[in-house]
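Novice: Sharing a model that was predicted from the sequence below.
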Amino acid sequence: MSRISSCRLVALSLALTVALVACKGGGEQPQQGGPGQVTVVTLKPETVTLTRELAGRANGYQVAEVRPQVSGIVAKRLFTEGSVVKAGEPLYQLDDAAYRAQANSARAQLARAEATASAARLAARRSGELVKSKVISVQDDETAQATWKQAEADVLAARASLDAANVTLGYARITAPISGQIGKSSVTQGALVSAGQADPLATINQLDPIYIDVTQSSAELLQLRRELAAGRLEGAAELPVDIVLEDGSTFAHKGKLEFSEVSVDPTTGSYAMRVRVENPDQVLMPGMFVRAVLGSGVRPNALLVPMQGVARDPKGDTSAMVVDAEGKVAVRPVKVSRTIGDKWLVEDGLKAGDKVIVEGLQKIGPGMPVQATEKGAEAAKPAAAPAAAPADKQ
């Protein structure tokens, strides 16, 4: 056999092999160019509450430092450290022997003045009768009447001195100015305290309710006011405030915004706000760091798009893929502002009714025809009933 004939036989054998393989596997080749399967979310307008989370610190609703108003030796401490005290409850008893003696002296001075006034009053009455019969001169009567008035004034002065002495004596028994939980005592029995001293004897904090002091940037305030003025937001000043504790849990009781400061701190560019929170179990303590989630406004007709439906390029620009009216993929540049849960708040680029693709993004490209399924539609379909078991043969 010639060399040419041998080559022809080899080529014919290869052609037959390829043809047989094609015949066997031809029915298993996938069809190219069919519509891709994607899952979409149809945007619907909804009303959402926009919030801002601010760091804050808990402070007592009322705070009073217990200080002595007179000097003396602490004779006894009358409270238990860390306990709850009531307003007016005695806390310390100072040695009041000197103040009690002053009060007794003032009481004696008052009694002397009252006795002198009584004698002067009787003398003035007799003088008034005698002057009518001209037994004494008018000048003597006037002197008697003036002496009586002076004696009455001395009684008033002595009574005022007694009142002052009693007040000073009362200061020797130091009482609670407010109701609340009292801390540790800075002095013990036998310690010398003085009026106007720098260090308080103890501190009382009213913990129910309690204040949460937070700060917000003035730039955020300006942005909020612009959105309110433009009508994109509705006021939310009366919305409750959520308190997030240091461990990430949410406090059981919601707070209420009490007031916002009218001036901005020039060193930080922020202004202060105060939230009032009920604290019956005293979980919140003064000095504790927390986070307050405040409502900044209510956005009507807002559009929220799932995060997986928004892509961001290296330049920071965001876009979303949607299914247009022809069933094809279209790329839309979008503008988002903040996250609300697991969704972005859309500011521009999308409108109500747009079908944003959230699943199947790796298999599609702009202009490709796709078959869209609404997210959650498959889960909403009832499960198929199981096939009936065949009847037993008789």
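Specialist: Cool, got the structure.

Novice: what about the lengthiest strand in the chain, average pLDDT?
Specialist: Longest strand in the chain by number of residues (criterion: DSSP state E): strand 46-66. The pLDDT scores in strand 46-66 average 88.

Novice: Run me through the strand neighbours of it, direction for each.
Specialist: If you go by DSSP bridges, strand 46-66 pairs up with strand 202-217 (antiparallel), strand 289-302 (antiparallel).

Novice: now the first one, how far from the chain's geometric center?
Specialist: For strand 202-217, the gap between its own C-alpha mean and the chain's C-alpha mean amounts to 10 Å (C-alpha atoms, centre = their mean, to the nearest Å).

Novice: Do me a favour and get the end-to-end distance for stretch 305-319?
Specialist: By C-alpha to C-alpha, to the nearest Å, the extent of stretch 305-319 from end to end equals 11 Å.

Novice: wait, stretch 189-198
Specialist: Using C-alpha to C-alpha, one end of stretch 189-198 lies 19 Å from the other.

Novice: hmm, who's touching that stretch?
Specialist: For stretch 189-198, the surrounding residues in contact (C-beta atoms under 8 Å, 6 or more residues apart in numbering) are 67-77, 94, 187, 201. The way it works is simple: take the backbone N, C-alpha and C, and place the C-beta from them, glycine included.

Novice: Please apply the same query to stretch 352-368.
Specialist: The contact list for stretch 352-368 (C-beta under 8 Å, 6+ apart) reads 35-45, 301, 303, 305-306, 308-309, 311, 320-323, 328-332, 350, 370, 372, 375.

Novice: and what of stretch 86-98?
Specialist: Stretch 86-98 has contacts (C-beta under 8 Å, 6+ apart) with 66, 68, 70, 72-79, 85, 169, 172-179, 182, 187, 193, 201-202.

Novice: still on that earlier bit, by mean pLDDT, show me the worst of the strands paired with strand 46-66.
Specialist: Looking at the strands paired with strand 46-66, the bottom one is strand 289-302 with a mean of 84.

Novice: what's the weakest-modelled helix or strand in this structure?
Specialist: helix 3-25 (a mean of 41; mean pLDDT, DSSP states H and E).

Novice: which other residues reach the helix or strand following that helix?
Specialist: Sequence order places strand 36-42 as the next helix or strand after helix 3-25, per DSSP states H and E. Identification of contacts with strand 36-42 by C-beta under 8 Å, 6+ apart yields 305-306, 309, 322-323, 329, 353-361, 363-364, 368-375.

Novice: Quick check: mean pLDDT of strand 36-42?
Specialist: The average pLDDT for strand 36-42 rounds to 88.

Novice: Next, find the distance separating Ala101 from Val323.
Specialist: Using C-beta to C-beta, to the nearest Å, Ala101 is found at 97 Å from Val323.

Novice: And those two? Which one has more around it.
Specialist: Applying other C-beta atoms under 10 Å to Ala101 and Val323 shows that Val323 carries more neighbours, namely 21 against 12.

Novice: What does the pLDDT read for the nearest residue to Val358 once chain neighbours are set aside?
Specialist: Of all residues not flanking Val358 in the chain, Gly309 sits nearest, at 4.4 Å (C-beta to C-beta, 6 or more residues apart in numbering). At Gly309, the predicted lDDT confidence score is 88.

Novice: Gly309: what's it in contact with?
Specialist: The contact partners of Gly309, taken as C-beta under 8 Å, 6+ apart, are Val41, Ala320, Met321, Val356, Ile357, Val358.

Novice: Quick check: buried residues in the strand or helix carrying Ala153?
Specialist: Applying DSSP H and E as the criterion places Ala153 in helix 138-171. Within helix 138-171, the residues scored as buried using 16 or more other C-beta atoms under 10 Å are 141, 144-145, 147-148, 151-152, 154-155, 158-159, 161-162, 165-166, 168-169, 171.

Novice: rewinding a little: cross the contacts of stretch 189-198 against helices and list the overlap.
Specialist: Assignment to helices by DSSP state H places none of the contacts of stretch 189-198 there.

Novice: just the buried members of those residues?
Specialist: Buried members of those, counted by 16+ other C-beta under 10 Å: Arg67, Pro68, Val70, Gly72, Val74, Ala75, Arg77, Leu94, Val187, Leu201.

Novice: for the last one, phi and psi?
Specialist: Same thing as Leu201. Torsion angles at Leu201 (phi, psi; degrees, to the nearest 10) stand at phi -70, psi -40.

Novice: Could you find the closest non-adjacent residue to it?
Specialist: In this structure, Leu201 finds its nearest non-sequential neighbour in Val66, 4.7 Å apart by C-beta to C-beta, 6+ apart.

Novice: Alright, calling it a day.
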